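need coordinates for the below:
(2 chains)
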Amino acid sequence: MKLLSSYNRMLAIVACSGMVVIGILFYQTLSRYLNRQIDDYLYEELLEVRDFAHVRNIVPAPEGFTDVVVEYKRVARLRNAKYRFHDTVFYNPRKKRTESGRYLQTDVKLADIPYQVTIIASKVESEEQVKSIVLIILIPLGILFFLLWLVNRFLMKKMWAPFMRLVENIRQFSLGQEQAYTPVETRIEEFRVLNDALAEVEKKIRSDYREVKLFTENASHEMMTPLAVINSKLDTMLQSENLGIEGSILITDLYKATSRLTRLNQSLLLLVKIGSQPLTDLEMIDLEQLLTEKLNYFQELIQRRKLNVSLQTAPASIYGSYSLVEILLNNLISNAIRHNTEGGALRISLSGKQLQVYNTSHSGPLDSSKIFDRFYKDSTSEGTGLGLAILKEICEKLGYKISYFWRDHLHCFELEFSEESTPTHTGQS
Amino acid sequence: MKFLVIEDEESLRRSVIKYLTDEGNVCDWSSSFREADEKMMLYDYDCIILDLGLPDGEGLKLLQQLRKSNKTDGVLIVSARNALDQKLEGLRLGADDYLTKPFHLSELYARAQAIIRRKSFQGNDTVRFGEIEVDTVAKTVHVSGRELYLTRKEFDLLLYFIVNKNKVVPKSAAITHIWGDEADMADSFDFIYTHIKNLRKKLSDAGSRDYFHSVYGVGYKFTDG
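Below you'll find the model as predicted:
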């Protein structure tokens, strides 16, 4: 529930119940007050009845009372002379209808004969009065509440607008994009504080992120010199006359390990670089041609594994960073070759804005939610575990979509080049 | 040939110097910006091997000063940074080539030799080994005067081995030289074998002696010994 509607709901409940309570209290008080007035009046009428009896000795008094109905009932003896006031419903002969009324009942001795006298007065008018008065008070109060609610609603919405913009800002925040945080202008102190805090957090996150990246970059670079030392020492050792077969095997393994470490380092550097550097070498790339070039580049590897290559291409061009697209194709193809079986198949199909690379493999379907994670690889792989992470990073950078699926016992990586990779849109990226 | 090795990492510098002097070259060295600056101004070198990351100054500045004083020494930059813009900046400032760490000594030497060949004015485009004659500009090979047709990769390979003659060239170095850094073929060191085999066959068919010697599966040595 929104803060605003929660607040409004509470307000509405309090206002309504308050109005009901006030209405009831008000009604009660007013009715009692008017009843008392009627009672006084009835009492006066009773005095008048007595007056008739005592002074003029007319019993029962003639029907001369205008607004009241007087009933006499002979009783055996006077029971009590108390005045009893009560509400009742009676037939008003003058208006010829049944009305609500109030009566005064008492025992009176008229000309020495005990009577029970009931004087009934109509309450209709006074009830009407009460109703009107209550309504006159309650209706404006209700309208006032409604207006307050409306004002609240619109005012609150307007006042919370900066907050919503702040939330939108947070939602759109991405470390990958260098787009700076856009501060929200507001006069409301709380939101200004929040805005400043967010701007600060954003700045800190960015600088931390930059620092981590710089650290990775520097660490990788620092490792290159020791690697160069190792490599050069191996090269020097290799020149030794008394190397022998054992020494050669040792050196071969060391070369392999050094080369792997170097590749790992280079991959890390590449990952950092893709994320942080602006795209500079944007141009129209002929995918068909580049793909053929790449297959040519890998032909020794393909021949060595005796792979069955089928290439289906249609002319396709995309607008993008040449170096990144090159790495993209390199990784896709070399992956499909490296994880292939001896004499397996490598199928590449390029159509319009889609590139699919299929390959046979010893392993079953891969976990598509994990394969693009850094350092995810099966234990037998000689790779760095960064190849697919690099693929994904490049795709994110260029706005392409990469997905993996398993079909007909083949691994397939599908690349969808976005519409945005046409020159009309990417001019500013 | 006369080399100047500017490198602050001592063990790496020693290896480089040893490799170069073994080939009969004269080698000078310095480990600091100031010392390197002095030597560069005082002497002429055929090739200067310049590490960009010096403790007391930016290596690119040395290059700038060298070119400003109109010296034409060949310069091979060696850097731990693989950034394209730094490479372009280096080449723009007058470096002749750019090599990223880590590298193989044979690669360093091949690049340095290529620079020296390009720089020399005596038309020193031809590299000879016994009856084999390699024209590095026309990209042709003659065996005892007769032309031999080689693929681009075979040509590069032959030239690489001749330049690094009498040295054991590890397979990984040859692979990197032919297929580049990104080749990512470390798990398949062996396929250089096919290329060497083809090259050997073509050479012997043309009447050349077999100078390739396999060294325990680690690499090859091109020698007549």
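
make it CA atoms for all contacts and neighbour counts henceforth
Noted.

please name the nearest non-neighbouring residue to the closest residue to chain B within chain A.
Residue nearest to chain B within chain A: A:Ala228 (3.9 Å; C-alpha to the nearest C-alpha). Ranked by C-alpha to C-alpha, 6 or more residues apart in numbering or on different chains and with sequence neighbours excluded, the top spatial neighbour of A:Ala228 is B:Pro102, at 3.9 Å.

so that neighbour sits against A:Glu222, correct?
No: with contact defined as C-alpha atoms under 8 Å, B:Pro102 does not count as touching A:Glu222 (11.0 Å).

roughly how far does B:Ala112 sit from B:Leu88?
Here the criterion is C-alpha to C-alpha, to the nearest Å. By it, B:Ala112 lies 18 Å from B:Leu88.

sorry, that was for A:Leu268
From A:Leu268 to B:Leu88 the distance is 22 Å (C-alpha to C-alpha).

joint contacts of B:Pro102 and A:Glu222?
B:Ala80 (C-alpha atoms under 8 Å, 6 or more residues apart in numbering or on different chains).

what is the burial count for the residue in chain B positioned nearest to chain A?
Closest contact between chain B and chain A, by C-alpha to the nearest C-alpha, is at B:Pro102 (3.9 Å). Using other C-alpha atoms under 10 Å in any protein chain shown, B:Pro102 has 22 neighbouring residues.

helix, strand, or coil at it?
Under the three-state scheme (DSSP: H, G, I helix; E, B strand; the rest coil), B:Pro102 adopts coil.

what are the phi and psi values at A:Ile113?
Per-residue torsions, A:Ile113: phi -110, psi 130 (degrees, to the nearest 10).

can you check A:Glu241 too?
The phi/psi pair for A:Glu241 (degrees, to the nearest 10) reads phi -70, psi -40.

same check, this time on A:Ser126
A:Ser126 adopts backbone torsions of phi -70, psi -40, taken as degrees, to the nearest 10.

I'd say it and A:Tyr33 touch.
No: using C-alpha under 8 Å, A:Ser126 is not in contact with A:Tyr33, being 10.1 Å away.

those two: who's more crowded?
A:Ser126 (17 against 13).

the nearest residue to that one once chain neighbours are set aside: how many residues sit nearby?
By the measure of C-alpha to C-alpha, 6+ apart, the closest residue to A:Ser126 outside its immediate chain neighbours is A:Leu34, 6.5 Å from it. By the criterion of other C-alpha under 10 Å, A:Leu34 has 17 neighbours.

for B:Leu108, same thing?
Taking other C-alpha under 10 Å as the criterion, the count of residues near B:Leu108 is 20.

so where does it fall, helix or strand?
B:Leu108 belongs to helix B:105-119 when assigned by DSSP states H and E.

for B:Val127, same thing?
strand B:126-129.

domain-wise, how is chain B divided?
Domains of chain B are assigned by automatic domain parsing as B:2-119, B:126-222.

just put these in TSV and tack on mean pLDDT and distance to A:Leu175.
Shown next, in TSV, are the domains of chain B (pLDDT from 0 to 100; distance: least, C-alpha to C-alpha, whole Å):
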stretch	mean pLDDT	distance to A:Leu175
domain B:2-119	89	22
domain B:126-222	87	28
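
how about the ones you listed in TSV, adding distance to A:Lys256?
Shown next, in TSV, are the domains of chain B (distance: least, C-alpha to C-alpha, whole Å):
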stretch	distance to A:Lys256
domain B:2-119	13
domain B:126-222	6
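
quick one: the strands in the stretch 151-300 of chain A, in order.
A:282-286 (DSSP state E, counting those that start in this stretch).

near chain B, which residues of it show up?
Contact residues (C-alpha under 8 Å from any C-alpha of the partner chain) of the stretch 151-300 of chain A with chain B: A:221-222, A:224-225, A:227-229, A:231-233, A:235-236, A:238-239, A:244-245, A:248-249, A:251-252, A:255-256, A:259-260, A:262-263, A:297, A:300.

which members of those residues are classed as buried?
Among these, those buried by neighbour count (16 or more other C-alpha atoms under 10 Å in any protein chain shown) are A:221, A:224-225, A:227-229, A:231-233, A:235-236, A:238-239, A:248, A:251-252, A:255-256, A:259-260, A:262-263.

just checking, which of the residues you listed belong to helices?
A:221, A:224-225, A:227-229, A:231-233, A:235-236, A:238, A:248, A:251-252, A:255-256, A:259-260, A:262-263 (DSSP state H).

what does chain B put close to chain A?
B:9, B:11-12, B:15-16, B:19, B:80-81, B:101-105, B:167-170, B:172, B:179, B:184, B:186-187, B:191, B:215-218.

drop anything exposed from the residues you listed.
By 16+ other C-alpha under 10 Å, these give B:9, B:11-12, B:15-16, B:19, B:80-81, B:101-105, B:167-170, B:172, B:184, B:186, B:191, B:215, B:218 as buried.

narrow those residues to those in strands?
The strands, defined by DSSP state E, take in B:168-170, B:215 from these.

mind putting those in JSON lines, distance to A:Lys306 included?
Formatted as JSON lines, those follow (distance: C-alpha to C-alpha, whole Å):
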{"residue": "B:Val168", "distance to A:Lys306": "30"}
{"residue": "B:Val169", "distance to A:Lys306": "28"}
{"residue": "B:Pro170", "distance to A:Lys306": "25"}
{"residue": "B:Val215", "distance to A:Lys306": "27"}
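
closest one to B:Leu157 out of those, please.
Within those, proximity to B:Leu157 (C-alpha to C-alpha) peaks at B:Val169, which comes in at 10.9 Å.

spatially central residue for chain B, please.
Closest to where the C-alpha atoms of chain B average out (C-alpha atoms, centre = their mean) is B:Ala110, at 1.9 Å.

show residues contacting stretch A:293-300.
Residues contacting stretch A:293-300 (C-alpha under 8 Å, 6+ apart): A:329-330, A:333-334, B:179, B:191.

what sits against A:Trp149?
So A:Trp149 contacts A:8, A:12 (C-alpha under 8 Å, 6+ apart).

rounded mean pLDDT for the strand or helix carrying it, please.
Assigned by DSSP H and E, A:Trp149 belongs to helix A:124-172. When pLDDT is averaged over helix A:124-172, the result is 85.

SS state for the closest residue to A:Arg79 other than its chain neighbours?
Spatial nearest neighbour of A:Arg79, excluding adjacent residues (C-alpha to C-alpha, 6+ apart): A:Asp107 at 6.9 Å. Following three-state DSSP, the label given to A:Asp107 is strand.

measure how buried A:Asp107 is and give me the count.
22.

against B:Ser15, how distant is it?
137 Å.

same question for B:Val26.
Separation of B:Val26 from B:Ser15 (C-alpha to C-alpha): 14 Å.

what does A:Gln105 give?
Where B:Ser15 is concerned, A:Gln105 sits at a distance of 131 Å (C-alpha to C-alpha).

so who does the nearest residue to A:His409 once chain neighbours are set aside touch?
In space, and not counting its chain neighbours, A:His409 is closest to A:Thr360: 6.9 Å by C-alpha to C-alpha, 6+ apart. Residues in contact with A:Thr360, defined by C-alpha under 8 Å, 6+ apart, are A:339-341, A:344-346, A:409-411.

at 6 Å instead, please
By C-alpha atoms under 6 Å, 6 or more residues apart in numbering or on different chains, A:Thr360 lies in contact with A:340, A:344-345, A:410.

what's the local residue count around A:Leu46?
21.

now name the helix or strand holding it.
Element membership of A:Leu46 [criterion: DSSP H and E] is helix A:3-51.

average pLDDT for that helix?
85.

dump the helix or strand following that helix to PDB, restricted to CA.
Counting by DSSP H and E, the next helix or strand C-terminal to helix A:3-51 is strand A:68-74. These are the backbone C-alpha positions of strand A:68-74, laid out as PDB (Å, rounded to 0.1, in the frame of the first residue of the first chain):
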ATOM      1  CA  VAL A  68     -52.800  18.800  21.600                       C
ATOM      2  CA  VAL A  69     -55.000  15.800  22.100                       C
ATOM      3  CA  VAL A  70     -56.400  15.400  25.600                       C
ATOM      4  CA  GLU A  71     -57.800  12.100  26.700                       C
ATOM      5  CA  TYR A  72     -59.600  11.400  29.900                       C
ATOM      6  CA  LYS A  73     -60.100   8.100  31.500                       C
ATOM      7  CA  ARG A  74     -61.900   7.500  34.700                       C
END
